[in-house]
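Asker: Here's a sequence, model it:
(4 chains)
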Number of protein chains: 2
Amino acid sequence: MARSRSLTDEQMQAIARALADPRRFAILQQIASHTECTQCSALHEQQILSPATISHHLKELAEAGLIDVRREGRTAALSLRRETWNAYLAGLARI
Amino acid sequence: MARSRSLTDEQMQAIARALADPRRFAILQQIASHTECTQCSALHEQQILSPATISHHLKELAEAGLIDVRREGRTAALSLRRETWNAYLAGLARI
DNA sequence: CTAACATTTCGATAAATATCGAAACATTTC
DNA sequence: GAAATGTTTCGATATTTATCGAAATGTTAG
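Answerer: Modelled structure (predicted):
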C-alpha cells in the first residue's frame, strides 16, 4: 500500500489544473488502464495530437506527480502514480 | 444519502475545469464549510475579488452542478451539492 | 415610488495555455 | 559513424479565461 502523505494546497492545485484539460485527462486514463502506451507514439495515434503536444501533456502530468515515466532507450513505461492519485482523492474528499 | 447516478464525461470535464482555478476552488471550499457565506458580499470580503468576479465564479460552479444557489430576496443560500461531489469522486476513483 | 443595497451583465484587457511545425536531441541498430 | 526511430525544445499563434469597472437589473425598506 502506497505511503500517501497528504498533499499541499499547491500540489492539489497543480493536479486540478492537470486534470482540467480533456485531452490530458484522456491521456491519463489511457495510461491508468495501461493499454499499450509504452510510448508517446502510441498515444499519438490514439489521441489526435502531434508528438510535440503529447510530450507537453506528459510533462505536465509528470510535474503534477500524476505519472511516472521510466525511459529505457527508445521505449518508455508510463504509469499512473496511485500514491498521488489516492492522495488527491483523499484531499478532495476532505472538503 | 443522495442517489448519485454516475456522471457523463462532459460533466466530469466541466467539474474538473471548475476546480482548476484556485480562487474558484477556495470559494467552493468556503461554501462547503458553510461559514457565513449566505451572500456574494461575504465571499467578496474574504476573497480579494470584485463582486463581478465572484458572481462569475458562482455561475461556473452552479453550471458545473457543484453548488445550489437559493435566492431569497437580498440573501442567498449557497451550498455544496454533495450528490455531484460524491459522483465526481466516484468518477475519478474509477480511473 | 424612491433610496439603498446586492447581484448580474457587458465590454474590454491581460494573462495563461493548447497546439503545431520545424529543428534539435537521444538512442539504437546496421 | 550513419541511418532510422522516437522525443523534446523552440517559437509562434489562436483560443480560452480570469479579472475588473461601469452600467443595468432586481429587491427590500422607508
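Asker: By proximity to chain B, which residue of chain A wins?
Answerer: Proximity of chain A to chain B (Cβ to the nearest Cβ) peaks at residue A:20, 3.6 Å away. Heads up, the C-betas are built off the backbone N, CA and C, glycines and all.
Asker: how many neighbours does that residue have?
Answerer: A count of nearby residues for residue A:20, using other Cβ atoms under 10 Å in any protein chain shown, gives 17.
Asker: Quick check: residues of chain A near chain B?
Answerer: Listed as neighbours of chain B in chain A under the rule Cβ under 8 Å from any Cβ of the partner chain: A:12-13, A:16-17, A:19-20, A:22, A:25, A:28-29, A:32-33, A:80, A:85, A:88-89, A:92-93, A:95.
Asker: by contact count, what packs against the strand or helix carrying residue A:17?
Answerer: Using DSSP states H and E, residue A:17 sits in helix A:9-20. Under the contact definition 3 or more Cβ pairs under 8 Å, 6 or more residues apart in numbering or on different chains; DSSP states H and E, helix A:9-20 sits against helix A:22-32, helix A:51-63, helix A:82-93, helix B:9-20, helix B:22-32.
Asker: still on that earlier bit, excluding sequence neighbours, find me the nearest residue to the residue of chain A closest to chain B.
Answerer: Nearest residue to residue A:20, sequence neighbours excluded (Cβ to Cβ, 6 or more residues apart in numbering or on different chains): residue B:20, at 3.6 Å.
Asker: Surely that neighbour is in contact with residue A:22?
Answerer: No - here residue B:20 lies out of contact with residue A:22, judged by Cβ atoms under 8 Å, at a distance of 11.8 Å.
Asker: Buried subset of the residues of chain A next to chain B as a PyMOL selection?
Answerer: Buried residues within the residues of chain A next to chain B, by 16 or more other Cβ atoms under 10 Å in any protein chain shown, are selected in PyMOL with:
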select buried, chain A and resi 12+13+16+17+19+20+25+28+32+80+85+88+89+92
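Asker: filter the residues of chain A next to chain B down to the ones close to DNA strand D.
Answerer: When Cβ under 7 Å from any atom of the strand is applied, no member of those is adjacent to DNA strand D.
Asker: Thanks a lot, see you next time.
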